[in-house]
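[1] sequence plus the predicted model coming up.
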Amino acid sequence: MTVHMPETAGFVPADRIATLGVSEILQIGARAAAMKRAGRPTIILGAGEPDFDTPEHVKAGAAQAMAEGRTKYTALDGTPELKAAIAEKFRRENGVDYPVGAITVAAGAKQILFNALMASLNPGDEVILPTPCWTSYFDIVRIAGGVPVAVPCDGAQGFRLSPGDLAAAITPRSRWVILNSPSNPTGAAYAEADYRPLLDVLLAHPRLWLLVDDMYEHITYDGFRFVTPAALEPRLKDRILTVNGVSKAYAMTGWRIGYAGGPEALIRAMAVVQSQSTSCPSSISQAAALAALTGPQELLAERAESFRRRRDLVVAGLNAIAGIECRVPEGAFYTFASCAGLIGAVTPSGRVIDCDRAFCAWLLEEADVAMVPGAAFGLSPYFRISYATSEAELHEALARITRACATLTRPH
Ligand code: PMP
């Protein structure tokens, strides 16, 4: 008897991920890193992580946990000590009262988002994403079976969602709107006055929930007053998930600890997702996060001040280039500049810069500067610079961009 086998045993991806691509940010990073390895003086302004080191007292907290044998599985979604410290952080810094049962901890804010969307979306449910936004929102929504609904917010409106645009995007299938302040990739932030009218729209739509991503809370400038919606509108608190983490604030991207506060039924459903994926966050990283949240906090302001100097340098450098326009961001460590004035320009070798992807690809090849095109975040023609690198490197990168742009033949 002959057994018929399939002709090839090649890998076929699941439908769930078939439409997803590898992150464009990571692709550009990989290309730039390869250029660097090949000996080119490439400056990478693509990475979304602070260049500072994790503070010593945080590393000491992890070392102590190891020495004491705290190296086993922990409680499913966070140790009681860490949850208590997070609840205290929300009270102290944000004026929001979350009981310990309303707190969850995961392997990064990214896993928090994943748990939340996996726990709440049914196929076809819509998630409203003001764009430009962090690229992962789109793909995590898709993996969870949802439909991302992009609402473009351009530079003229400060890259902030307007209440009218939010109201217009709501359908019977809308489950969540995700707001991120200060924002990756624009650095734009929502002040209380920006949030209030959006919260009014939410009050009028009781089925819509709000996920706020406060990852860059501690990186704000010029006296900006950071606020989080759960503190502003108690009537909405039972449908707001407040997401935060230690990655950006304490330069702990590799430790993988994020957390959230929210309605307990949602938090419990998120724990179900986590129980069947990672079981718990790393015990040692949780000890490190505990040390970060309960230790000295002065370094947050010092580091924000250092980011402010870099922001000023980059914004001034970019605005000095004809064809590029950059608004002054309120926070995070990104600028999101328009290159509309250079679209249609021709390079010395005759190449036409017809979009922001072409602009960034050309600058990578010609000037050895890696940046991410706005298209990756859902808005063109823009490009994102991450200025979490030394001032010397930023000076050099700006000089190269300026020199390269001076060789372009302008469209107008
Ligand atoms: N939200 C935003 C807006 C981010 O930029 C990032 C990191 N790039 C995250 C969440 C995830 O952070 P982590 O998983 O490191 O906690």
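    Cool, the structure landed.

[2] only C-alpha atoms for contact and neighbour calcs from this point on.
    OK.

[3] outline the domain layout of the protein.
    What automatic domain parsing lists as the domains of the chain is 15-53+299-406, 57-294.

[4] doesn't residue 130 lie inside a strand?
    Yes - with DSSP: H, G, I helix; E, B strand; the rest coil as the criterion, residue 130 is located in a strand.

[5] around the ligand, pick out the residues from the protein.
    Within the chain, the positions lying close to the ligand (CA under 6 Å from any ligand atom) are 48, 108-110, 134, 184, 213, 215, 245, 247, 253, 256-258.

[6] have a look at this protein and report its longest helix.
    Longest helix in the chain by number of residues, with DSSP state H as the criterion: helix 298-319.

[7] next up, the contacts around residue 199.
    Shown in contact with residue 199 (CA atoms under 8 Å, 6 or more residues apart in numbering): 229, 233, 236.

[8] what distance separates the start and the end of stretch 210-218?
    21 Å (CA to CA, to the nearest Å).

[9] contact partners of that stretch?
    Where contact means CA under 8 Å, 6+ apart, the residues beyond stretch 210-218 that reach it are 109, 176-183, 226, 228-229, 239-249, 300-301, 304, 331-332.

[10] still on that earlier bit, could you say what helices and strands the longest helix of the chain packs with?
    Packing partners of helix 298-319 (3 or more CA pairs under 8 Å, 6 or more residues apart in numbering; DSSP states H and E): strand 334-338, helix 391-406.

[11] and the last one, what's buried?
    Of the residues in helix 391-406, those scored as buried under the neighbour-count criterion (16 or more other CA atoms under 10 Å) are 391, 394, 397-398, 400-402, 404-405.

[12] related to what we said a few turns ago, dump the helices and strands packed on helix 298-319 to TSV, plus mean pLDDT.
    Output for the helices and strands packed on helix 298-319, formatted as TSV (pLDDT from 0 to 100):
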stretch	mean pLDDT
strand 334-338	98
helix 391-406	97
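
[13] which of the residues of the chain next to the ligand has the most neighbours?
    residue 245 (29 neighbours; other CA atoms under 10 Å).

[14] dump stretch 69-76 to PDB, restricted to CA.
    Below are the C-alpha coordinates for stretch 69-76, written out as PDB (Å, rounded to 0.1, in the frame of the first residue of the first chain):
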ATOM      1  CA  GLY A  69      17.500  32.200  46.000                       C
ATOM      2  CA  ARG A  70      14.400  34.100  44.800                       C
ATOM      3  CA  THR A  71      14.900  32.300  41.500                       C
ATOM      4  CA  LYS A  72      11.700  30.300  41.200                       C
ATOM      5  CA  TYR A  73       8.300  30.900  39.600                       C
ATOM      6  CA  THR A  74       6.500  33.800  41.300                       C
ATOM      7  CA  ALA A  75       2.800  34.500  41.700                       C
ATOM      8  CA  LEU A  76       1.200  34.500  38.200                       C
END
